[in-house]
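Asker: I would like to see how this sequence folds:
(2 chains)
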Amino acid sequence: MSDLPLITILTLTPLLGGFLVMGLGAGRWPLARWLALACSFVVLALCLVISARFDPAAGVMQFGERHQWIASLAVDYRVGLDGLSLLLVLLTALVTPMAILASWHIERQAQIYHGLVLLLQAGLFGTFTALNFFHWFLFWELSLVPAFFLIRLWGSPARSAAATQFFVYTMVGSVGLLLAFLAMFLATRTFDFLELAKLGREGALVQALADTLGWRDLTVRRLAVVIFGGAFLGFAVKVPLIPFHTWLPATYAEAPTGVTMLLTGLMSKMGVYGFLRILLPLFPEVMRWLTTPLLVLAVLTIVASAGAALAQRDLKRMLAYSSINHLGYCLLGIFAVLNSPGSASGSLTHQSAALSGVLLQLFNHGLTAATLFAFIGFLENRAGGRRGLDDFGGLRKVAPVFCGLMGIAVFSSLGLPGLNGFISEFLIFQGAFPLAPWAASFSLLGLLLTAVFLLRLLQRVFYGPLNEKWVALADLSVGERALVAPPLILMLLIGVYPQPLLAAVNATVIRMLEGGG
Amino acid sequence: MNAQDAIVKLLWLAPVLPLATGGVCALLKRRHRAAAASLAIGSVSASLLLAVWALAATVREPDPVRHVVNFNWFQAGNAWIGLGWVLDPLSAVMLVMVALVSLLIFVFSVGYMAHDENFTRFFCFLSLFAGAMLGLVIANSLLLLFGCWELVGLTSYLLIGFWYHKPSAAAAAKKAFITTRIGDLAFLLGMIWLYAETGTLLFYDQGRGCLEQSALNLLALRTAGLGVAVATAVGLLLFLGAMGKSGQVPLHVWLPDAMEGPTPVSALIHAATMVAAGVFLMARVHPLVAMTDADIKPTGLYAQSIPGDAAACRPGGVQKIPITPPGQAGHDLNLPVDPNAPGRTTVSTALKVVTWVGVLTALFAASVAVAQTDIKRILAYSTVSQLGFMMLGLGTGGVAVGMFHLITHAFFKALLFLGAGSVIHGCHEEQDIRRMGGLGKLMPVTFSTYAIGMMALSGVPILFSGFWSKDEILHAAHGWPVSRLPFLIAVLAALLTAFYMTRQICYVFLGVWRGSPGNAGDPRKVTAPSHAGRDTSSSGGLPHESPAVMTVPLLVLAVGSVVLGFFGTPAWPWFQGFLLGRRESLELGRLLAGGTLGLMALSALVAGVGILVGYWLYGRRPPGAADESDPLEHFHPAVFSVLRRKYCFDELYDVALVRPTAAFARACHWADQVLWGGAVRAVSRVTTALSWASRLVDEYFVNAGFDRVCDGLSRGGGHCSRFQNGQPQRYLRAIAVGLLVLALLLLWGCRTV
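Answerer: Numbers count the residues shown, from 1 in each chain, chains lettered A, B, ... in the order given. As a prediction, the model looks like this:
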């Protein structure tokens, strides 16, 4: 059993499941729903098996598979898992069943809907495990297509423009990414991430680019920045980093709630994953040249998105901006890691704290943001699609359990100690402050503004006198409680005892920083 | 394992029991009222037993020693983040105080909240609060302290907004959380900075902790820029956190609004315990805040310049770390102050800031309290003022002075708040002192205990604890080497304290009942329900005395408000000695030394004058009707109006913070819509324009040209096709013509050769 190609099985299961579910006739959508849920649970079980057999002390790629594919292009099918991938694969396996359950009320063409969700999951698994650009890029785009159709076909009224904007925007980023990798392929004749990373670490990548692509009279440095810029664009759009973010609020707001959960919980992680898996190892030098502008962008992302969230009147848009804000902390951590001499042993302590925080923040944000959107979805279902900040009021009176449980998710998002968000934000700031004091200090403003708009959300929706319109609003049903209970319990557990997750990524973090094997 | 080690090992139970109870209560259904109350009271009683055990063990310790248990929490890269708890005199004293006051207030709440529909939820929040507060007190790690600090902030938020249907309560809760969060972020920054410099957040850890000498040396030697030592910068950041929590000016604005919560909450959280957490924090990190260049001492340990020791794995065993009593040049001015002793002349910048902020807060809040009419808001401003006194005591006299006032204040302020709660309960939710009066006869137990609390707060000599603790502060301020001004301001604030308390007690308990019977007090509250599900059938009629479940806690607190003072008199400063790790014996002679008696006389005089003036204005001829204007208003209406409007701080905040934040939010939104969105739209327009251009080129140039070429070709083809029309005659004719031409050419060619 030990030589089963677990990762391939993991990716294929939702892929085949997705096609199977889509193949069911339109009349059998209830079965399709159950089948999709069952499939996502099988995948979750598989993920748990993988995490149980993962060796956290190793820090290298595990469960590796490698098969020659297109020899003339040096393309291999190569996959593997390290702590970073494992964390994101686990998150994907956790959030997908939540999204399926949160979409339980969808009846129109449900077989297509749930089939697409499973395809999306397969795309994510492929993205998080691939080690060769060729099929990594296939999966990267594969995840985009189902997302587009999910938004386009099941979203709220303004979905058409949003879906198109989402698709085109992301495609533009992808084109940059593709061109950058083609350039690197021309220079190095390889698409393999690990080989490219080795070249990048040794500084050979930049030199190879300069040797093969003497493009007009660009200096070596400029050329490297241009190639880096292409890849950067792809990831900056996906995360997103301000000012590459304008597709996000509309998309999150118009997508059906289940899809918003997937978008914010999982697809936004693809961007940060790209920063960690590709940009950081491949272009350490270039990123070090650009640290100051990158840090400025991260701080701008954190503060401006929190500010914009404060101005929103639509709950989904508010949380969409909050999502940008939370991923901004990840980028702050990543960019701060670069802002160190790298020689002093003390800076390794700070760097590893920041990077551990970034990895944990990915997981925490995925969990918390998806749960928060699930709550907004519950509210939307009850209120006939209304989700304005001022549409409610005093709901705690009629829905105390709703208020209490959503409160936990809100405070997790706000970074309250005892819940998961605090640990990762603390680690990021603890690591980033000594490396980039000003950037970290300014970013604290984001934490303050987050508290302001999240508490305003609680106050406007749940506190005050009960809005007469919602006297008959129902509290959470048993099914809804069952949906939010696992993530809420995880938030508490991680907040009190984060060591298992941190231990799983620790060796990976150190290897990433020391640049070993 | 001896009893000492046992209690140290079990100490974690003190916070965890109430926390667990809070968790259980959260799952209880609304109707399980008795279960929730008994669980909460039971768990906090258990915590109290543990606390008393801990205090007894600490007192009996032959040599002053700190017991510390540290353990690893989580790992980040090559470092471990540790947590731990500590049993030393400071934590033992606080443990007992917090557990005891909590227990009394829990019992009181059973009566006070009896008719509330969310009774179960109330005890859930209270238990969570008690657990978090006890955790804060025993924390041996700044990180654990911060975690508990935020949790008490959360429970405070939940409890201020407990009557969530009142918009004012919802707003007050949010205001409290956000105002304190401003301080908390400074706290977080200070903590991170401390970690960056010392590599640990544990206070005491076998010489490697951040409050131990080697780390302190490091912090004093490093500069943060502009010639400020890191120790000062970190100390000031932590103090900003303390200012938020302890309502120091200008971060005090949330505390008076926090009175929107149920009165037991105001007593427990916003008077006795949580708001004192800032003072406690300053006491805990006092070695750091007081650090100056003069305190740098060589240690056996190599002062590590980089974080690294955090990598060491810590076992969970009990460490014993001796407490060294501060020497002549130590951090704390020895008590009683001897002006002839070689006193300390260098005071750290951070401590100077603590002192000045504290004393200004004390005066500011006392002056506002003079003009307020809400019984709880007067007490709230009084709390702010007393917290200022504590900060002043910490800044000028060190840990013992500040902490002594913290403990005595906890008792008499909890007593006053519970008394106010009893009054409000008896007057059917009336809070305006102008609509009270004459309650002395109607509520005798409440009146007598309230009077004890009032005299303790005003500093009535000898018998009351507040006199002794405030006297210590004045004493320390008097001996402060930097400036004499804080002492003078503090005396003025003490005078005002006695005055506003007398004013309040005259309004509430003397004279005649001015409330309207049959109406639940303030007409505002008739339309806006003040308490959900509160039994309103009893409203109407004259005020009544509260049930025993509410008056017994009052009596216990009243005893505490008297007795506690005797543990810290100048003649026998047992409390101060205990905290500093010394044994003090009774020496009446100390009363006579160094002007001690003179200051005591001054302090007594100040209290007497305040009370007399108050009585002369309000007690001699109590106001007869509710709408009668305040006697002070006649003296100087303008000043009085400024005081009543609290120096317009709320308006100031609105202009300086709230509106700019809203403007900033709008600006961010605008940038999103217009700037970034505009850029994206511009790109998309340009792209669309380009595609149109490309289409035009395609249609009119490329396509048209192509068509023309095609036309030409087909026409040419048409011409050519005529050569291939399939008529042999035509082909033969062409061949014949060709042959003829060839022949002619050949002939022409031969001629030339």
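Asker: where along chain B do the strands fall?
Answerer: Listed in chain order, the strands of chain B (DSSP state E) span B:65-76, B:79-87, B:318-322.
Asker: packing partners for the longest one?
Answerer: Yep, that's strand B:65-76 we're talking about. helix A:345-382, helix A:420-435, helix A:499-514, helix B:3-10, strand B:79-87, strand B:318-322 (3 or more CB pairs under 8 Å, 6 or more residues apart in numbering or on different chains; DSSP states H and E). Where you see a C-beta, it was placed from the backbone N, CA and C, and this is true even at glycine.
Asker: which of these is buried the deepest?
Answerer: Mean neighbour count (mean count of other CB atoms under 10 Å in any protein chain shown) peaks for helix A:420-435 among those, with a mean of 27.
Asker: what about the next helix or strand after it, near chain B?
Answerer: Counting by DSSP states H and E, the next helix or strand C-terminal to helix A:420-435 is helix A:437-462. Yes - using CB under 8 Å from any CB of the partner chain, helix A:437-462 reaches chain B at A:440-441, A:444, A:447-449, A:451-452, A:455-456, A:458-459, A:462.
Asker: local confidence estimate at the nearest residue to residue B:377 once chain neighbours are set aside?
Answerer: Nearest non-adjacent residue to residue B:377, counting by CB to CB, 6 or more residues apart in numbering or on different chains: residue B:256, 5.2 Å away. Per-residue confidence (pLDDT) for residue B:256: 92.
Asker: residue B:256: what's it in contact with?
Answerer: Contact analysis of residue B:256 by CB atoms under 8 Å, 6 or more residues apart in numbering or on different chains lists B:377, B:380, B:381, B:384, B:646.
Asker: take those residues and lay them out in JSON lines including pLDDT and neighbour count.
Answerer: Formatted as JSON lines, those follow (pLDDT from 0 to 100; neighbours: other CB atoms under 10 Å in any protein chain shown):
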{"residue": "B:377", "pLDDT": "93", "neighbour count": "20"}
{"residue": "B:380", "pLDDT": "94", "neighbour count": "27"}
{"residue": "B:381", "pLDDT": "95", "neighbour count": "27"}
{"residue": "B:384", "pLDDT": "95", "neighbour count": "26"}
{"residue": "B:646", "pLDDT": "86", "neighbour count": "22"}
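Asker: quick one: low-confidence parts of the chain?
Answerer: Went with chain A since none was named. A:1-2, A:214-217, A:341-346, A:516-517 (pLDDT under 70).
Asker: actually chain B
Answerer: Scanning chain B for pLDDT under 70 picks out the ranges B:1, B:299-316, B:324-345, B:516-541, B:594, B:752-753.
Asker: would you list the contacts of residue B:256 in CSV and tack on distance to residue B:573?
Answerer: Below are the contacts of residue B:256 laid out as CSV (distance: CB to CB, whole Å):
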residue, distance to residue B:573
B:377, 35
B:380, 31
B:381, 30
B:384, 27
B:646, 37
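Asker: reformat the strands of chain B as a markdown table; add distance to residue B:477.
Answerer: As requested, the strands of chain B are exported to a markdown table (distance: least, CB to CB, whole Å):
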| stretch | distance to residue B:477 |
| --- | --- |
| strand B:65-76 | 29 |
| strand B:79-87 | 29 |
| strand B:318-322 | 31 |
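Asker: what about the residue of the stretch 101-250 of chain A found nearest chain B, how many residues nearby?
Answerer: Nearest residue of the stretch 101-250 of chain A to chain B: residue A:243, at 4.3 Å (CB to the nearest CB). By the measure other CB atoms under 10 Å in any protein chain shown, the count of residues near residue A:243 is 18.
Asker: that one belongs to a helix?
Answerer: No - counting by DSSP: H, G, I helix; E, B strand; the rest coil, one finds residue A:243 to be coil, located in no helix.
Asker: hang on, isn't it packed against residue B:677?
Answerer: No - under the criterion of CB atoms under 8 Å, residue A:243 makes no contact with residue B:677, lying 9.5 Å away.
Asker: now do whatever residue of the stretch 301-450 of chain A ends up closest to chain B against residue A:365, distance only.
Answerer: Per CB to the nearest CB, residue A:352 is where the stretch 301-450 of chain A lies closest to chain B, at 2.0 Å. Residue A:352 sits 20 Å away from residue A:365, going by CB to CB, to the nearest Å.
Asker: give the other helices and strands that the longest helix seen in chain B contacts.
Answerer: Ordering each helix of chain B by length in residues (DSSP state H) puts helix B:167-198 first. If contacts are counted by 3+ CB pairs under 8 Å, 6+ apart, helix B:167-198 sits against helix A:420-435, helix A:437-462, helix B:142-160, helix B:213-221, helix B:230-245, helix B:254-257.
Asker: which residue is nearest the centroid of the chain?
Answerer: Looking at chain A here, since you left the chain open. residue A:269 (1.8 Å; CA atoms, centre = their mean).
Asker: you looked at the wrong chain, it should be chain B
Answerer: Short answer for chain B (CA atoms, centre = their mean): residue B:245, at 2.5 Å.
Asker: residue contacts, the residue lying closest to it once chain neighbours are set aside?
Answerer: The shortest distance from residue B:245 to any non-neighbouring residue, by CB to CB, 6+ apart, is to residue B:278 (4.0 Å). By CB under 8 Å, 6+ apart, residue B:278 lies in contact with B:241, B:242, B:243, B:244, B:245, B:246, B:247, B:248, B:387, B:391.
Asker: quick check: phi and psi at the residue of the stretch 101-250 of chain A closest to chain B.
Answerer: When quoted as degrees, to the nearest 10, the phi and psi of residue A:243 stand at phi -100, psi 30.
Asker: am I right that residue A:63 is in a helix?
Answerer: No - using three-state DSSP, the assignment for residue A:63 is strand, not a helix.
Asker: that one and residue A:137, how far apart?
Answerer: Distance from residue A:63 to residue A:137, by CB to CB: 21 Å.
Asker: for the two, work out which one has more neighbours and name it.
Answerer: Neighbour count, other CB under 10 Å: between residue A:63 and residue A:137, residue A:63 has more, with 22 against 19.
Asker: give me every residue that touches that one.
Answerer: A:6, A:7, A:50, A:53, A:54, A:79, A:80, A:81 are the contacts of residue A:63 under CB under 8 Å, 6+ apart.
Asker: from chain B, how far off is the fifth one?
Answerer: It refers to residue A:54. 16 Å (CB to the nearest CB, to the nearest Å).
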